[in-house]
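Engineer: Got a predicted structure plus its sequence, pasted below:
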Amino acid sequence: MAGKSKEAEIKRINKELANIRSKFKGDKALDGYSKKKYVCKLLFIFLLGHDIDFGHMEAVNLLSSNRYTEKQIGYLFISVLVNSNSELIRLINNAIKNDLASRNPTFMGLALHCIANVGSREMAEAFAGEIPKILVAGDTMDSVKQSAALCLLRLYRTSPDLVPMGDWTSRVVHLLNDQHLGVVTAATSLITTLAQKNPEEFKTSVSLAVSRLSRIVTSASTDLQDYTYYFVPAPWLSVKLLRLLQCYPPPEDPAVRGRLTECLETILNKAQEPPKSKKVQHSNAKNAVLFEAISLIIHHDSEPNLLVRACNQLGQFLQHRETNLRYLALESMCTLASSEFSHEAVKTHIETVINALKTERDVSVRQRAVDLLYAMCDRSNAQQIVAEMLNYLETADYSIREEIVLKVAILAEKYAVDYTWYVDTILNLIRIAGDYVSEEVWYRVIQIVINRDDVQGYAAKTVFEALQAPACHENLVKVGGYILGEFGNLIAGDPRSSPLIQFNLLHSKFHLCSVPTRALLLSTYIKFVNLFPEIKTTIQDVLRSDSQLKNADVELQQRAVEYLRLSTIASTDILATVLEEMPPFPERESSILAKLKKKKGPGTVTDLEEIKKERSSDMNGSAEPASVNASAVSTPSPSADLLGLGAAPLTNSAPPPSSSGSLLVDVFSDSASAVAPLAPGSDDNFARFVCKNNGVLFENQLLQIGLKSEFRQNLGRMFIFYGNKTSTQFLNFTPTVICSDDLQPSLNLQTKPVDPTVDGGAQVQQVVNIECVSDFMEAPILNIQFRYGGTFQNLSVKLPITLNKFFQPTEMSSQDFFQRWKQLSNPKQEVQNIFKAKHPMDAEITKAKIIGFGSALLEEVDPNPANFVGAGIIHTKTTQIGCLLRLEPNLQAQMYRLTLRTSKEAVSQRLCELLSEQF
């Protein structure tokens, strides 16, 4: 139809459209074939890029035809051209409903394809309830099941809120056992997506997926002929099953776990076998399954043997001639490096990775090599890795320079045994790639030099030497200006770096710098007036010059005027006070790390790397360190890290303002008398432990506190794990459990002392023995005080020892429950709370929480099956208190009513408070 020119084509199309319009409007009724032919022409004209504004009704009429080809063209036209015209949508939906109810597999297939192709919210509203029924009906044909699963998946992706979970979910899981592998493949895609949002609903899929995977992996390529691709049995299905298993932790059932381990071992063994075909499709399919298996091994992170084997397998790929394989191997190894089981195995490949950095032609592969070096870095190889990264930086692709700079800065700081090496590394970084050194990097080096007395003289000498170069990067001038302004006196005794020489050296760079750097240098000069009175007049002459006092930039002019006046009228004592050395900075998360996280996105190597060696297997917390600053010192946010330096770099007339009154105490003294207020987020974490006994109670940039507890009757034992997340020792580490005066008579706590020194990356354990003497309302406070890098840290958290921990569940029949309920009818014995749901109202989660709370969950006791009832006895040393509870959810209003009856008013009150917070 396309003509010789655009005009000719448009003319031809307009003529054809007029012809079709006259046919549709003519008196003579068209037969099915003609209608189909003209609708097909309209569709083709639309696909050529022309608007179609008629013919929709004729297409809808084709849907009611009993001929496959006519119905097919009707559905095709609608899939491509339908919009939300409500009249037509209603007619289309009726036609689709009829086809779905027809039980004719080809018609059902067409209807399902149309729903999925349109995939709109209207389609989901109309059919999301119907399709699951077709999917799990016993008499549905295999081809229709496949289409139904994929159609439901499409609707769930566009409108997840409209796909109702129900009885069908347990039946859809059994499709993993279906004879037809096409059905299994479609069902696996659907279940994987649904399980990511509703893991509990689909957890039975784990054992079925493992057994299906086992059958595929152990089958010969001749067994699954239709689904064997270049000698690899069902590669797509294998990959999908392995992905599904990554939605869940390792299976708890030892038999299922053993079978899965066998499967993964078989996949790793097959990777070692010689290829059955030289074609690229064979190796692609085989490697797809292998890489997904390795992803699952990494996800489970529980089988040391498999992790090390996976690492060795990836190590072979690092030298493969196929670029994509090298890329994928580097990427997977980054994740493996974060597992304590395989970290050492990854490190054995360091030479290969360094070689990749030097020889790879593809920049994306080189970037993955940098990521892997960063992930495998620890104290044993930090100097080698940092040196290699600095070497590479000289010739690195511009697109990844900033990231390498950040990584070198983080590694140099994290693994610096000797801080002179750290200073050398950062100055080298500025020399090689000054333009890519962000402010965070040079802020950080200054912060560390100020906080460490042992490196200040060396830093001053090194920056002085670095500034001798004729062409210095401006970032070096900033670092030099700041450090010499603070510590220039430490090298002034050497005639080669006398005060005047230091000043002249810095001032020779002044005219080449930007305004913020000049402002910083002016602050250095006024510091020199205090440090070196002998050059005061030289500096005053500079400040007095027209270029300063009449500077067009208001900031520079103001500084020059104020500093000149200060140097003229202030006495030596006042000068010394105003211009004294900067106090140590409070320790907090490195802002460089925060910047790298922002650049790479959460959940990347950066986060895993942090967890690597500084988290023990007992304390598996959240994957990303919580940015809760616990101590009163750490109130400024990491992003505000040293921005104070940029604003008014050196004059230190007063300590920085802070929301916490105890800042001065914390920064300048060791007085350990005051107990810190509760850390931010402490109450939320405390509430989380009401219904569970193990987990991470608190985490900030320095410290992680994990708990493991067990309770029986009125006794309990709690293990508290303190993990040092930094590379620096904690000194005078003193955790204290504090009970208020009201709490002491009710709760006996015995704590065992812990070692006062906690090494970098280490963990110490403290045992607390607990005895409940009588019922109590409050919780004890855990206060932790220690010194870190010259700074005193003081933080407090609530310890989750609550009355419900001393519950013993009690089973009882419906008759006994209501008889006891009536006995506790005194108004003082009952406490009731009506409250709004804070979390989704999920029956299974509610049951788990009530059981976790400590009472027995009594099934089929309440006449209303939607209600939950529980019973138990609180054991104290002096008495036992029977407790009954009833929770009534109202789904429409999203509200709960919680009623507690016990023989003691205070107990009812406390239990009601604790449990209400959970829903």
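Structural biologist: Ah, there it is. Residues are numbered from 1 along each chain as shown.
Engineer: The helix or strand where Thr734 lies packs against which elements?
Structural biologist: Assigned by DSSP states H and E, Thr734 falls within strand 730-738. Secondary-structure packing of strand 730-738 (3 or more C-beta pairs under 8 Å, 6 or more residues apart in numbering; DSSP states H and E): strand 715-724, strand 747-751, strand 763-772, strand 781-788. For the C-beta atoms, the positions are set from N, CA and C on the backbone; glycine is no exception.
Engineer: Go again with 7 Å.
Structural biologist: Packing partners of strand 730-738 (3 or more C-beta pairs under 7 Å, 6 or more residues apart in numbering; DSSP states H and E): strand 781-788.
Engineer: Next, the angle from the helix or strand just after the strand it packs on to strand 781-788.
Structural biologist: The helix or strand immediately downstream of strand 781-788 is strand 791-798, counting by DSSP H and E. Angle of strand 791-798 versus strand 781-788, following axes from the mean of the first three to the mean of the last three C-alpha atoms, to 10 degrees, is 160 degrees.
Engineer: Show me what the helix or strand following strand 791-798 pairs with in its sheet, parallel or antiparallel.
Structural biologist: With elements assigned by DSSP H and E, the helix or strand that comes after strand 791-798 is strand 807-809. Note on strand 807-809: by DSSP bridges, its sheet partners are strand 868-875 (antiparallel).
Engineer: Only alpha carbons, please: show the strand holding Thr734 as CSV.
Structural biologist: Provided in CSV are the C-alpha atoms of strand 730-738 (Å, rounded to 0.1, in the frame of the first residue of the first chain):
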residue,chain,number,x,y,z
PHE,A,730,36.5,1.1,72.1
LEU,A,731,38.1,1.9,75.4
ASN,A,732,36.5,2.0,78.9
PHE,A,733,33.5,0.1,77.5
THR,A,734,30.9,0.1,80.3
PRO,A,735,27.4,-1.2,79.7
THR,A,736,25.1,-0.8,82.8
VAL,A,737,21.5,-2.0,83.3
ILE,A,738,19.5,0.6,85.3
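Engineer: Buried ones in that strand, by neighbour count?
Structural biologist: 730, 733, 735, 737 (16 or more other C-beta atoms under 10 Å).
Engineer: Show me which pair in those is furthest apart.
Structural biologist: Greatest spacing in the buried residues of strand 730-738, by C-beta to C-beta: Phe730 and Val737 (18.3 Å).
Engineer: what about stretch 757-771, average pLDDT?
Structural biologist: Per-region confidence: stretch 757-771 scores 88 on mean pLDDT.
Engineer: Would you mark the buried spots in that stretch?
Structural biologist: 758, 760-764, 766, 768, 770.
Engineer: out of those, who's nearest Gly716?
Structural biologist: Distances from Gly716 to the buried residues of stretch 757-771, taken by C-beta to C-beta, are shortest for Ile770, at 3.9 Å.
Engineer: do you know how far the residue nearest to the closest one when sequence neighbours are not counted is from Phe807?
Structural biologist: Using C-beta to C-beta, 6 or more residues apart in numbering and skipping the chain neighbours, the partner closest in space to Ile770 is Gly716 (3.9 Å). With distances taken as C-beta to C-beta, to the nearest Å, Gly716 is found 11 Å from Phe807.
Engineer: low pLDDT regions in the stretch 751-900 of the chain?
Structural biologist: In the prediction, the stretch 751-900 of the chain carries no residues with pLDDT under 70.
Engineer: List of residues touching stretch 267-277?
Structural biologist: Stretch 267-277 is contacted from outside by 217, 230-231, 282-283, 289-290, 293, 309-310, 313, using C-beta atoms under 7 Å, 6 or more residues apart in numbering.
Engineer: Farthest pair within those?
Structural biologist: Tyr230 and Arg309 (24.6 Å).
Engineer: Show me which of the two is the more surrounded one.
Structural biologist: Arg309 (21 against 17; other C-beta atoms under 10 Å).
Engineer: before we move on, which element is that one in?
Structural biologist: Residue-wise, Arg309 maps onto helix 304-317 under DSSP H and E.
Engineer: sorry, back to before: any residues touching the strand holding Thr734, and which ones?
Structural biologist: Looking at what lies outside strand 730-738 - C-beta under 7 Å, 6+ apart - the contacts are 675, 722, 724, 749, 751, 754, 756-758, 766, 768, 780-788, 799.
Engineer: Among those residues, filter down to the buried ones and hand me the PyMOL syntax, if you would.
Structural biologist: Selecting only the buried entries of these in PyMOL, with 16+ other C-beta under 10 Å as the criterion:
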select buried, resi 722+724+749+751+754+758+766+768+780+781+782+783+784+785+786+787+788+799
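Engineer: Tell me how many other residues crowd Gly493.
Structural biologist: For Gly493, the neighbour count with other C-beta under 10 Å is 8.
Engineer: would it count as being in a helix?
Structural biologist: No - counting by DSSP: H, G, I helix; E, B strand; the rest coil, Gly493 is not found in a helix; it is coil.
Engineer: just use 40 as the starting number from now, easier for me
Structural biologist: I'll keep to 40 as the first residue from here, and by that count the last item is Gly532.
Engineer: per-residue confidence for it?
Structural biologist: At Gly532, pLDDT is 86.
Engineer: Any figure for the gap between it and Pro538?
Structural biologist: In terms of C-beta to C-beta, Gly532 sits 10 Å off from Pro538.
Engineer: thinking again about what came up before, in contact with the residue nearest to Ile809, which residues are there?
Structural biologist: Gly755 touches 748-749, 809, 844, counting by C-beta under 7 Å, 6+ apart.
Engineer: which outside residues touch stretch 86-98?
Structural biologist: 52, 60, 63, 74, 78, 81, 84-85, 113, 116-117, 120, 127.
Engineer: and those as a markdown table, adding pLDDT and neighbour count?
Structural biologist: Putting the contacts of stretch 86-98 into a markdown table (pLDDT from 0 to 100; neighbours: other C-beta atoms under 10 Å) gives the following:
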| residue | pLDDT | neighbour count |
| --- | --- | --- |
| Ile52 | 86 | 19 |
| Arg60 | 83 | 15 |
| Phe63 | 80 | 17 |
| Lys74 | 83 | 22 |
| Val78 | 87 | 26 |
| Leu81 | 85 | 24 |
| Ile84 | 87 | 19 |
| Phe85 | 86 | 15 |
| Gly113 | 88 | 26 |
| Phe116 | 87 | 24 |
| Ile117 | 85 | 25 |
| Leu120 | 78 | 16 |
| Leu127 | 78 | 16 |
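Engineer: Sounds good, over and out.
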